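Student: Below are the sequence and a predicted model; questions follow.
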Amino acid sequence: MPTIFTKIINGELPGRFVWRDELCVAFLSIAPLKPGHTLVVPREEVDHWLDLSSESAQHLTHVSHCVGKGIQAVWNPAKVGTMILGLEVPHVHVHVVPIWGPHDLDFANADANAKGEDLDAAAAQLLAELQRRGHPEAI
């Protein structure tokens, strides 16, 4: 059975995409820890990041780095944090999050009621920054 992320990637469920290439996509979290919280997800359904091919792992790191630079430029956080957890969805994904302190990576603080217009605005800002940086994968 396809994961929720595969359904988003395939267009069966909506997603606010900021990156698409042949190996992965990036879209905003619907329950962000902070505005701009983005998920970098391989197209291939892999449950555990240790099971990724070296090529896929390197590519996810590269895309997370590009997205992180965009997040840094747009929101100017103290740091951009990343996490690979994989407990909530059995499909590898990297959380890329603007942070000002360790508490910003606590999922108890996620905004489960984020407004669609706020998510749209954050996606538009990040997408524009990725395009400004010359990434043709930014869609």
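Tutor: Cool, got the structure.
Student: Run a quick neighbour tally on residue 135.
Tutor: Residue 135 has 19 neighbouring residues, counting by other CB atoms under 10 Å. C-beta: built from backbone N, CA, C; applies to glycine.
Student: again with residue 89
Tutor: Going by other CB under 10 Å, the residues that sit close to residue 89 add up to 15.
Student: Please shift the residue numbers so they start at 41 in all later answers.
Tutor: Noted, 41 is the first residue going forward, which turns the last one into residue 129.
Student: for the protein, which helix is longest?
Tutor: If you go by DSSP state H, the chain has its longest helix at helix 94-115.
Student: In terms of secondary structure, what does it contact?
Tutor: For helix 94-115, the packing partners by 3 or more CB pairs under 8 Å, 6 or more residues apart in numbering; DSSP states H and E come out as strand 57-60, strand 64-68, strand 78-82, strand 119-124, strand 134-139, helix 156-172.
Student: Go ahead and name everything in contact with it.
Tutor: 58-59, 61, 63-64, 66, 74-76, 78, 80, 82, 84, 86, 89, 92, 117, 120, 122, 132, 134, 136-138, 165-166, 169-170, 173, 175, 177 (CB atoms under 8 Å, 6 or more residues apart in numbering).
Student: centre of the chain versus that helix, how much separation?
Tutor: With CA atoms, centre = their mean, to the nearest Å as the basis, helix 94-115 stands 9 Å off its chain's centre.
Student: buried ones in it?
Tutor: For helix 94-115, the neighbour count (16 or more other CB atoms under 10 Å) marks 96-97, 99-100, 103-104, 106-112, 114-115 as buried.
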